[in-house]
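Visitor: Give me coordinates for this.
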Amino acid sequence: MATTATTGRRGAGKPHIHEPATPFFLPTILDESGHLDHTRAPFIEGISAYREQNMTPFATPGHKLGRGMDPALIALYGAEAFASDIPVSGGADGIHFDLDTWRLAEELGADAWDSDRTFYLVNGSSTGNLAFLTAQIRPGDKVIVARDVHKSLMVALIQSGARPVYIAPELHPTLDIGLGIEAHRIDEALRKHPDAKMIILVSPSYCGVSSDLAAIADVAHARNVPVYVDEAWGPHFHFHPALPQSAMDSGVDGAVASTHKVLGAFTQSAVLHIKGPRVNPGRIAATVGMAQTTSPATFILATIDGCRRQMVLHGRKLLDVAIELAEDARYRLQRIPGLSVLDAESLGVAAYDLTKLVIDVHGLGLTGFQVENELRYRYRINPESSDLTSIICLVTLGDTRESIDRLVTAFESLSRSQNGSKPKHAATVVRSSGAVIAPGIQAMSPRDAFFSRQRALPLEQAAGEISAELVIPYPPGIPVLAPGDVITVEKLAYLKMGAETCMYIAGAADHKLRTIQVVDEPKQSAWTQQPYYSNLPTH
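Guide: Sure thing, here's the model as predicted:
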């Protein structure tokens, strides 16, 4: 709107008419017919428009379009990358967010993943986990929690003060791998705990197994209990019928997915989806704002924008290729002596991520840690993760026939070099996501234990004590011990073996696990209202 003002100078007879400058960028997500247009990408278009203006910035970031960067970084990433590192506020949008770039981009995201509302995240799926639980549960609320949840969900339980009732996935009898949570287990838990306020699950698991989320949602919703799913490893499920049904398509109330894990988006990018009447969108928006950085990286948001466009327009075709490559790799690797590659048939499950290769290597006479080192330093191949038993490799939209051939060739060479070696762990298959994460005795709530008075004990003396910290083999990032857990001999044995074989331990104050933090208070549990005695028998 034009405004008028007088100059105050003698002889000035006419008011000065101020005409506001026109924004150089007006984002839109509609086509000429008024329908959502997935060829549009508001963040990408906003960055492009900003760069075309030959701007002179007096705002963050301080490197000023790359001119203030270390020359070595410019040589590494290229000047063009830093010229696109602009803020959302005053960059891809107006300073006061008056252009709605972010909101419009998220509208396209909600349509793409079939949610009521989608939030773009720049701190990974961990942000979504923290935000959703903060919005939906209150201190002291009881929640049904799958024990194979990620570290960030355990942190959310500590911060929220919720009281978890843990349930564990059924384990394969010989492969020590979780087979998902069945709906009847949720039904049993809700019958025992009718005051539970939420169901919290992980699906797919780190090893690619998906639970029957539709059946679980039906059971929970019959009691008006919302279901939240950490779907970090399944952002691609919605876009191909050969993959497990996505959380949103299954009717759950909230789910977070890491676009950076298997799709074409930058590290730290993720999306939080909500759907249905059991979730308050306004409250979720508020807690996302609380958990997310106030200085979001526009270039990360732009990659979510581009990833969404790519998957809506070309996802089926791109995933056709990725699935074909993964199945070819699985077939060829399975025939290499000393290797075994998991699949839906060997696990006896109905829903499995076909793009994930879980390669058991103990038949080579090596641990997964040793094979990872061989792949990385001898063959220049970078796997996703390793543990005592296996290597995990991801096949994504970025793979080619050449990359798969190189992976298979490396394993063929490694197998030949190990010819005749005897497996060192053949009698017992042990995974960081298997029996070792099963819930035991919970003596205190995670929050009470974490904020209790604590002391450090030598690892070998900690059996029967209450853990006061998270102890997490990483990856996969699933706590073997959570605050409030009674420490068992079995878990200590696994952690000791892992620490001796290059396993990286996160969460613990002593990352080498010579000591562990335990609760140093009278053995009376406020959580169970039962007396708790140290050094309980473990069998």
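
Visitor: can I assume residue 359 sits in a strand?
Guide: Yes - membership of residue 359 in a strand is supported by DSSP: H, G, I helix; E, B strand; the rest coil.

Visitor: Please spell out the segments of the stretch 1-150 of the chain that come in under the pLDDT threshold.
Guide: 1-13 (pLDDT under 70).

Visitor: Please enumerate the strands of it.
Guide: 3-5, 16-18, 117-121, 142-146 (DSSP state E, counting those that start in this stretch).

Visitor: residues in contact with the third one?
Guide: Strand 117-121 is contacted from outside by 102, 105-106, 109-110, 112, 127-128, 131, 256, 269-275, 281, 284-285, 288, 292, 301, 304-305, using Cβ atoms under 8 Å, 6 or more residues apart in numbering. Just so you know, the C-beta spots here come from the backbone N, C-alpha and C atoms, and that holds for glycine as well.

Visitor: Nearest approach to residue 44 belongs to which of the strands of the stretch 1-150 of the chain?
Guide: strand 117-121 (12.9 Å; Cβ to Cβ).

Visitor: follow-up on the earlier one: okay, the strands of the stretch 1-150 of the chain in JSON lines with distance to residue 153 and mean neighbour count next?
Guide: JSON lines is the format used below for the strands of the stretch 1-150 of the chain (distance: least, Cβ to Cβ, whole Å; neighbours: other Cβ atoms under 10 Å):
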{"stretch": "strand 3-5", "distance to residue 153": "52", "mean neighbour count": "9"}
{"stretch": "strand 16-18", "distance to residue 153": "53", "mean neighbour count": "10"}
{"stretch": "strand 117-121", "distance to residue 153": "15", "mean neighbour count": "24"}
{"stretch": "strand 142-146", "distance to residue 153": "7", "mean neighbour count": "24"}
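
Visitor: Need the ones you listed in JSON lines (columns: distance to residue 492).
Guide: Output for the strands of the stretch 1-150 of the chain, formatted as JSON lines (distance: least, Cβ to Cβ, whole Å):
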{"stretch": "strand 3-5", "distance to residue 492": "73"}
{"stretch": "strand 16-18", "distance to residue 492": "73"}
{"stretch": "strand 117-121", "distance to residue 492": "36"}
{"stretch": "strand 142-146", "distance to residue 492": "23"}
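
Visitor: how about those strands, which one is nearest residue 310?
Guide: Of these, nearest to residue 310 by Cβ to Cβ is strand 117-121, at 15.1 Å.

Visitor: May I have the strands that pair with that closest one, each with its orientation?
Guide: strand 270-274 (antiparallel) (DSSP bridges).

Visitor: Distance from the strand it pairs with to the middle of the chain?
Guide: 11 Å (Cα atoms, centre = their mean, to the nearest Å).

Visitor: Which is the succeeding secondary structure element to it?
Guide: Where DSSP states H and E defines the elements, the next helix or strand beyond strand 270-274 is helix 281-291.

Visitor: in the stretch 151-300 of the chain, which spans are helices?
Guide: 151-160, 183-192, 213-221, 259-262, 281-291, 298-334 (DSSP state H, counting those that start in this stretch).

Visitor: Select, out of those helices, the one closest to residue 47.
Guide: Of all those, it is helix 298-334 that lies closest to residue 47, at 5.8 Å by Cβ to Cβ.

Visitor: Tell me what angle that closest one forms with strand 270-274.
Guide: Interaxial angle of helix 298-334 relative to strand 270-274 (axes from the mean of the first three to the mean of the last three Cα atoms, to 10 degrees): 90 degrees.

Visitor: Quick check: buried residues in helix 298-334?
Guide: Residues of helix 298-334 classed as buried: 298-312, 315, 318-319, 322-323, 325-327, 329-330, 332-333 (neighbour count, 16 or more other Cβ atoms under 10 Å).

Visitor: Residue 174 is nearest to which of the helices of the stretch 151-300 of the chain?
Guide: Using Cβ to Cβ, the nearest of the helices of the stretch 151-300 of the chain to residue 174 is helix 298-334, at 16.7 Å.

Visitor: on that earlier part again, looking at the strands of the stretch 1-150 of the chain, spot the one closest to residue 196.
Guide: The nearest among those, by Cβ to Cβ, is strand 142-146 at 4.9 Å.

Visitor: name the helices or strands packed onto the closest one?
Guide: With contacts taken as 3 or more Cβ pairs under 8 Å, 6 or more residues apart in numbering; DSSP states H and E, strand 142-146 sits against helix 151-160, strand 163-167, helix 183-192, strand 198-202.

Visitor: which of the ones you listed is buried the deepest?
Guide: strand 198-202 (a mean of 26; mean count of other Cβ atoms under 10 Å).

Visitor: who does it touch, helix- and strand-wise?
Guide: helix 125-136, strand 142-146, helix 213-221, strand 227-230.

Visitor: okay, the ones you listed in CSV with distance to residue 392 next?
Guide: What follows is the helices and strands packed on strand 198-202, written out as CSV (distance: least, Cβ to Cβ, whole Å):
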stretch, distance to residue 392
helix 125-136, 17
strand 142-146, 20
helix 213-221, 22
strand 227-230, 17
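
Visitor: Kindly compare burial across those and name the winner.
Guide: strand 227-230 (a mean of 28).

Visitor: what's in contact with it?
Guide: 125, 129, 132-133, 136, 149-150, 153, 198-203, 213, 216-217, 220-221, 247, 252-256.

Visitor: Now do the same contact list for the closest residue in space to residue 381 that isn't next to it in sequence.
Guide: Spatial nearest neighbour of residue 381, chain neighbours left out: residue 375 (4.3 Å); criterion: Cβ to Cβ, 6 or more residues apart in numbering. Going by Cβ under 8 Å, 6+ apart, residue 375 touches 381-383, 391, 410, 414.

Visitor: same check, this time on residue 50
Guide: 24-25, 86, 91-92.

Visitor: Going by neighbour count, which of those comes out on top?
Guide: Counting neighbours by other Cβ atoms under 10 Å, residue 92 comes out on top of the contacts of residue 50 with 29 neighbours.

Visitor: so that one makes contact with residue 100?
Guide: No - taking Cβ atoms under 8 Å as the definition, residue 92 is not a contact partner of residue 100, at 11.0 Å.

Visitor: for stretch 357-377, which positions count as buried?
Guide: 357-372, 374-375.

Visitor: Keeping just the C-alphas, turn it into PDB.
Guide: C-alpha atoms of stretch 357-377 as PDB (Å, rounded to 0.1, in the frame of the first residue of the first chain):
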ATOM      1  CA  LEU A 357      22.000 -55.100   2.400                       C
ATOM      2  CA  VAL A 358      22.700 -56.700   5.800                       C
ATOM      3  CA  ILE A 359      25.700 -58.900   5.100                       C
ATOM      4  CA  ASP A 360      26.700 -61.400   7.700                       C
ATOM      5  CA  VAL A 361      30.500 -61.900   7.500                       C
ATOM      6  CA  HIS A 362      31.400 -64.100  10.500                       C
ATOM      7  CA  GLY A 363      31.600 -67.000   8.100                       C
ATOM      8  CA  LEU A 364      34.800 -65.400   6.800                       C
ATOM      9  CA  GLY A 365      36.500 -65.800  10.200                       C
ATOM     10  CA  LEU A 366      36.300 -62.100  10.700                       C
ATOM     11  CA  THR A 367      34.200 -59.600  12.700                       C
ATOM     12  CA  GLY A 368      32.200 -57.000  11.000                       C
ATOM     13  CA  PHE A 369      34.600 -54.400  12.400                       C
ATOM     14  CA  GLN A 370      37.500 -56.100  10.700                       C
ATOM     15  CA  VAL A 371      35.700 -56.400   7.400                       C
ATOM     16  CA  GLU A 372      34.800 -52.700   7.500                       C
ATOM     17  CA  ASN A 373      38.400 -51.900   7.800                       C
ATOM     18  CA  GLU A 374      39.300 -54.100   4.900                       C
ATOM     19  CA  LEU A 375      36.600 -52.600   2.700                       C
ATOM     20  CA  ARG A 376      37.500 -49.000   3.600                       C
ATOM     21  CA  TYR A 377      41.300 -49.100   3.600                       C
END
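
Visitor: Residue 332 and residue 319, how far apart?
Guide: As judged by Cβ to Cβ, to the nearest Å, residue 332 and residue 319 stand 20 Å apart.
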